[in-house]
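A.B. asks: Below is the sequence, then the predicted model.
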Amino acid sequence: MVVERVSDRDIKMRGLKVLLDGNYLTDLSFGNRVEVQVESGPHIVRVTNNLYSSQLEFDAVAGGVSKFGAGNVMRGLGALMFVVMGIGPYRTFLERDESA
């Protein structure tokens, strides 16, 4: 399984904690990735910035690589607050990379 943080949508602020099946793996900063071996079968990958979280369920297959993109994004009023005051809440995103 690979989780990378390289999206142009990412605001490149604050680390994301990456968890697999409820177990902490690492803090992921922009431009980095984490890669871990997982057993075949169902799993849950989760990212959190301690305020918001996103998670996905996936089935790992032997010899395959499950790849995900993650990051922090501004939405709605949060984006406006960020532009005006330089602060604001930002949400997480986690999406499966189907090209893997």
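C.D. replies: That came through, no problem. Numbering: from 1, shown residues only.
A.B. asks: So what touches stretch 93-100?
C.D. replies: By CB atoms under 8 Å, 6 or more residues apart in numbering, the surrounding residues in contact with stretch 93-100 are 2-3, 7, 9, 45-47, 54-56, 58, 65-73. Glycine gets a C-beta too; all of them are placed from N, C-alpha and C.
A.B. asks: what are the C-alpha coordinates of that stretch, in CSV please?
C.D. replies: The C-alpha trace of stretch 93-100 is given here as CSV (Å, rounded to 0.1, in the frame of the first residue of the first chain):
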residue,chain,number,x,y,z
PHE,A,93,-9.1,14.2,1.3
LEU,A,94,-8.2,10.6,0.5
GLU,A,95,-8.7,9.0,-2.9
ARG,A,96,-7.8,5.8,-4.5
ASP,A,97,-5.4,6.1,-7.5
GLU,A,98,-6.9,3.7,-10.0
SER,A,99,-3.9,4.0,-12.3
ALA,A,100,-1.8,1.9,-9.9
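A.B. asks: tell me which residues in that stretch are buried?
C.D. replies: Neighbour-count burial for stretch 93-100 flags 93-94 (criterion: 16 or more other CB atoms under 10 Å).
A.B. asks: do the same with stretch 23-39
C.D. replies: In stretch 23-39, counting by 16+ other CB under 10 Å, buried: 25, 28, 30, 33-34.
A.B. asks: Find the residue closest to V6 in space, skipping its chain neighbours.
C.D. replies: Leaving aside its sequence neighbours, V6 sits nearest to G31 (CB to CB, 6 or more residues apart in numbering; 6.3 Å).
A.B. asks: quick revisit: ok, so of the buried residues of stretch 23-39, who is nearest G41?
C.D. replies: L25 (17.6 Å; CB to CB).
A.B. asks: ok, the closest one to G31 distance?
C.D. replies: 17 Å (CB to CB, to the nearest Å).
A.B. asks: hey, which helix or strand in this protein has the poorest pLDDT?
C.D. replies: helix 76-85 (a mean of 55; mean pLDDT, DSSP states H and E).
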